[in-house]
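Chemist: dropping a prediction and its sequence here:
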Amino acid sequence: MEFRFWPISQLGKLNVSMLLVVLVVFLLIVDFVRKRRPRNFPPGPQLFPLVGTIVDLRQPLHLEMQKLTARYGNIFSVQFGGLTFVVVSGYQMVREALVHQAEIFADRPHIPLLQEIFRGFGLISSNGHIWRQQRKFVSATLKSIAVSFESKVQEESRYLVEAMEEEKGQPFDPHYKINSAVSNIICSITFGNRFDYHDSNFQELLHLLAETLLLIGSFWGQVKPVCCFCNFKICVSVYIYAHICMYVFLVSVEKVQIEIDAVIGQCRQPTMEDKEHMPYTSAVLSEVLRMGNIVPLGVPRMSTNDTTLAGFHVPKVSPDRCCRAVWISPPYGREL
């Protein structure tokens, strides 16, 4: 009988490899146990170690959330890395969370990236007394300068109409002109003056802004949920989508035009004071926002106390993201 022994060097490598395998398996088991959903917690898709919920990164996040809503209902949970989110959608569920339990879901989650960027300040990442004081200041300030904003919009609308009249009734893509008009309103408020639509510096600014928004539109860019450019992008999207709706629903266009002629006429520009006298036009604009679902995902919120939603237990300090699927729910639409 012949006995063979492994060299000591190979035994050392084998022991190190086995130790690493055991360590990795142990860490995966610990992570899996930590990520397990508590009893009576909102259901959700299968959770995997380290990554949590696996979604298709090639698709917009809100579309992935809609697929999960169709499968699990108007309340479910997902995990991205070390963050747990309770996704709420549907009119009744959103109202329950943000109206009936507004105090419980008033705070923002402690996301490390946002804390590093905003340092706990600002309307997005602040909480408690600081958030209330800042919101009060911003609300009062915006009301006091709203009149000047209106004049900027009226001024730019004249230039936009003139630019469209230059097309002399020929078909054209309105995106460029609308994009320039909305950007000019922001420039007028920020810098104190507007730019010509064909100004080279202005076009370079728009080009850089478009590249920035393209980067923010990626999945990892959405980790920062609100950016100083988002209002610009939203305004342009709403304006273009409203034009598309007007071409599709011609009956509504005729009714809107009748109301505009009756209240405003053809000799002056509209003002915010006209809004209360134009219920049908206001309803059409609200329906455009509902159908377009321009901002499908809300800013994350955090539960400050243990609570219950739809019979599910939501513990304290559990980030809660409200998905605005309510705006595309057919039962709550209106026939205009």
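Modeler: Received, thanks.
Chemist: what bridges to the residue sitting nearest the centre point of the chain?
Modeler: Closest to where the C-alpha atoms of the chain average out (C-alpha atoms, centre = their mean) is Leu297, at 4.1 Å. Note on Leu297: beta-bridge partners Cys323, judged by DSSP bridges.
Chemist: surely it touches Leu61?
Modeler: Yes - at 6.5 Å, Leu297 counts as touching Leu61 under the criterion of C-beta atoms under 8 Å. (C-beta placed from N, C-alpha, C; glycine too.)
Chemist: all strands of the stretch 51-200 of the chain, in order?
Modeler: 75-80, 83-88 (DSSP state E, counting those that start in this stretch).
Chemist: the stretch 201-336 of the chain: strands as residue ranges?
Modeler: Under DSSP E, counting those that start in this stretch, the stretch 201-336 of the chain gives strands at 301-302, 307-309, 312-314, 319-322.
Chemist: quick check, pLDDT for the spatially closest residue to Ser157 that is not a sequence neighbour.
Modeler: Of all residues not flanking Ser157 in the chain, Gln269 sits nearest, at 6.7 Å (C-beta to C-beta, 6 or more residues apart in numbering). At Gln269, the model reports a pLDDT of 87.
Chemist: what residues are up against Gln269?
Modeler: 154, 157-158 (C-beta atoms under 8 Å, 6 or more residues apart in numbering).
Chemist: now, which of the residues you listed sits nearest Ile240?
Modeler: Nearest to Ile240 out of those is Ser157 (C-beta to C-beta; 15.6 Å).
Chemist: can you tell me the average pLDDT over stretch 74-88?
Modeler: Mean per-residue pLDDT for stretch 74-88: 81.
Chemist: what do you get for stretch 274-287?
Modeler: For stretch 274-287, mean pLDDT is 89.
Chemist: give me the low-pLDDT residue ranges for the stretch 51-200 of the chain?
Modeler: Applying pLDDT under 70 to the stretch 51-200 of the chain flags residues 56-58, 109-129, 146-147.
Chemist: would you map the helices across it?
Modeler: 61-72, 91-95, 112-118, 122-125, 128-144, 146-165, 175-191, 200-216 (DSSP state H, counting those that start in this stretch).
Chemist: look up how far Val182 lies from Ser237.
Modeler: 10 Å (C-beta to C-beta, to the nearest Å).
Chemist: tell me the SS of Asn40?
Modeler: Going by DSSP: H, G, I helix; E, B strand; the rest coil, the secondary structure assigned to Asn40 is coil.
Chemist: got a pLDDT number for it?
Modeler: What the model reports as pLDDT for Asn40 is 84.
Chemist: pretty sure it is in contact with His313, am I right?
Modeler: Yes - at 4.5 Å, Asn40 counts as touching His313 under the criterion of C-beta under 8 Å.
Chemist: higher neighbour count, the two?
Modeler: Taking other C-beta atoms under 10 Å, Asn40 and His313 do not tie; His313 has more neighbours (14 against 10).
Chemist: give me the beta-bridge partners of that one?
Modeler: Beta-bridge partners recorded for His313 (DSSP bridges): Thr308.
Chemist: wait, Met246 sits on Ser252?
Modeler: Yes - taking contacts as C-beta under 8 Å, Met246 lies within contact range of Ser252: 7.5 Å.
Chemist: so for these two, which residues contact both of them?
Modeler: If you check Met246 and Ser252 against C-beta under 8 Å, 6+ apart, no residue is contacted by both.
Chemist: of these two, which one has the most company?
Modeler: Ser252 (18 against 15).
Chemist: quick one: Glu156 and Ile185 touch, right?
Modeler: Yes - counting by C-beta under 8 Å, Glu156 touches Ile185, with 5.1 Å between them.
Chemist: deepest of the strands of the stretch 51-200 of the chain, which one?
Modeler: Burial of these is given as mean neighbour count (mean count of other C-beta atoms under 10 Å); strand 83-88 ranks first at a mean of 23.
Chemist: tell me what it is packed against?
Modeler: helix 61-72, strand 75-80, strand 319-322 (3 or more C-beta pairs under 8 Å, 6 or more residues apart in numbering; DSSP states H and E).
Chemist: one more time with 7 Å
Modeler: In terms of contacts (3 or more C-beta pairs under 7 Å, 6 or more residues apart in numbering; DSSP states H and E), strand 83-88 is packed against strand 75-80, strand 319-322.
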